[in-house]
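Student: got a predicted model here, sequence first, then my questions.
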Amino acid sequence: MKDTKNKKLLQLQSHTSSDKHTLGDIEIYTLDNQPFEVVEVKHNVPIDKYLVFDVVKKTESVKINRYYILTTFKDVFSSKQTENEIMSYILDIKRSKNLDIIPNGITSTLKYYLRFVDNCQDFVRLYTENLINEAKMSTEIKLSHLERWTEILRKFSKMIEI
C-alpha cells in the first residue's frame, strides 16, 4: 500500500473554469510538491475514451500514482462495450506508464471511502462548516446548495431516529 501520510490537499479551484492550469478538480500532493493523486469529477457525463485520453495528455510530463475519473452518471459508462474498451485501454496505460486510472461512480466511491471516517458526526460538522465558509467566500456555493444540504441533513437525522 502506498504511503498516504505526509500529503497535502491543494486549494480547490473553480469548477466553472477549465483545468488548463491544474491536473484535476481535486489534487493531493506530497510535501515536496509532487503530485500524488488527482480526482476529476464529472456531473451526469458518462466516462468515455476522451476523458481517459485527456488524463494521459495532462499527466505526460508528471509522475502521478493514481488518477480518479468520477461521475454522477448513473451507469458510469454509456455502454458495456465502451466500458470494456476503456478498461482495456486503462490496463495498457498501467503497463506502459505505471499510472492507475480509476473510472467510477462518485456515489460508490464516496460510500467506499466514507467507511474509513472514524467519527461521522465530526465529519458532517466539518463538511457543513466548510460548505458555509465557501458560500461566504465564493460564488461556487449558492444558497440553493446550502438549502439542499440542510434537507439532506434533516432526512438523515430522521433516519437515525428510527
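Tutor: Structure's in. What do you need?
Student: residues in contact with P46?
Tutor: With contact taken as C-beta atoms under 8 Å, 6 or more residues apart in numbering, P46 is in contact with 71, 73, 75-78, 82. All C-beta spots, glycine's among them, are computed from the backbone N, C-alpha and C.
Student: which element is it on?
Tutor: Here P46 is covered by no helix or strand, with elements defined by DSSP states H and E.
Student: count of neighbours near Y68?
Tutor: Neighbours of Y68 under the rule other C-beta atoms under 10 Å: 20.
Student: now, of the contacts of P46, which are buried?
Tutor: 71, 73, 76-77, 82 (16 or more other C-beta atoms under 10 Å).
Student: can I get the contacts of P46 in JSON lines including secondary structure and pLDDT?
Tutor: Output for the contacts of P46, formatted as JSON lines (DSSP: H, G, I helix; E, B strand; the rest coil; pLDDT from 0 to 100):
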{"residue": "T71", "secondary structure": "strand", "pLDDT": "96"}
{"residue": "F73", "secondary structure": "coil", "pLDDT": "96"}
{"residue": "D75", "secondary structure": "coil", "pLDDT": "94"}
{"residue": "V76", "secondary structure": "coil", "pLDDT": "97"}
{"residue": "F77", "secondary structure": "coil", "pLDDT": "97"}
{"residue": "S78", "secondary structure": "coil", "pLDDT": "96"}
{"residue": "T82", "secondary structure": "helix", "pLDDT": "96"}
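Student: farthest-separated two in the buried ones among the contacts of P46?
Tutor: Spatial extent of the buried ones among the contacts of P46 (C-beta to C-beta) is set by the pair T71 and T82 at 12.6 Å.
Student: closest to I28 out of the contacts of P46?
Tutor: T71 (19.4 Å).
Student: distance check, that closest one against K42.
Tutor: From T71 over to K42 the distance is 4 Å, taken as C-beta to C-beta, to the nearest Å.
Student: kindly report the same for S88.
Tutor: The spacing between S88 and K42, counted by C-beta to C-beta, is 21 Å.
Student: more neighbours: the two, which one.
Tutor: K42 (17 against 9).
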